[in-house]
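Student: only the shape, not the letters, is given here:
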């Protein structure tokens, strides 16, 4: 399964290259084959869609990678694991604030706030399931 930690491993491997354009084999990053070549390719395609890479093309058993400066910003901000942790923390804060607000307002709005709080809690739970 592709997790934020797996994506961060690919991110670190790409950022550690000195060249702007280079070839990379999945086995260089995952010698124990934690993910398939197709999953590696999907990660690179996501990086490209996010603007972290200018190009990621398959060349035989390797991938031709052309990086964007955006990848360094994303790396310096902590990558995928930190992004997920920030999202989770913000959802927990939202849950706390909504619960606090529900105690302070009139009873008619309490049900609506409880519904929103439930949605935020469901999202936080789903993130836990996706993280694995």
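Tutor: Noted; the coordinates are in hand. These numbers were taken from a predicted model, which means no experiment stands behind them. Numbering: from 1, shown residues only.
Student: any stretches of the chain with poor pLDDT?
Tutor: Within the chain, the stretches with pLDDT under 70 are 106-108, 124-132.
Student: now do the helices in it.
Tutor: 4-15, 26-29, 37-49, 70-76, 79-104, 107-131 (DSSP state H).
Student: what's the closest of those helices to residue 62?
Tutor: Each of the helices of the chain has some distance to residue 62 by CB to CB; the shortest is helix 26-29, at 8.6 Å. For the C-beta atoms, the positions are set from N, CA and C on the backbone; glycine is no exception.
Student: chain center to the closest one: distance?
Tutor: 20 Å (CA atoms, centre = their mean, to the nearest Å).
Student: could you do stretch 81-91 as well?
Tutor: That offset, for stretch 81-91, works out to 10 Å (CA atoms, centre = their mean).
Student: for the spatially most central residue of the chain, what are its contacts?
Tutor: By CA atoms, centre = their mean, the mean C-alpha position of the chain lies nearest to residue 80, the distance being 3.7 Å. Contacts for residue 80 (CB atoms under 8 Å, 6 or more residues apart in numbering) come out as 4-5, 7-8, 11.
Student: now it: closest residue in space that isn't a chain neighbour?
Tutor: Nearest residue to residue 80 in three dimensions, chain neighbours excluded: residue 4, at 3.7 Å (CB to CB, 6 or more residues apart in numbering).
Student: got a list of what that neighbour touches?
Tutor: 79-81, 83-84, 131.
Student: columns distance to residue 109 on top of the residues you listed, output as CSV?
Tutor: Formatted as CSV, these follow (distance: CB to CB, whole Å):
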residue, distance to residue 109
79, 39
80, 37
81, 36
83, 32
84, 31
131, 33
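Student: in PyMOL, select just the buried ones from those residues.
Tutor: Here is the PyMOL selection string for the buried members of the contacts of residue 4, based on 16 or more other CB atoms under 10 Å:
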select buried, resi 79+80+81+84
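Student: the helices of the chain: which one's closest to residue 63?
Tutor: That would be, of the helices of the chain and by CB to CB, helix 37-49, which comes in at 5.9 Å.
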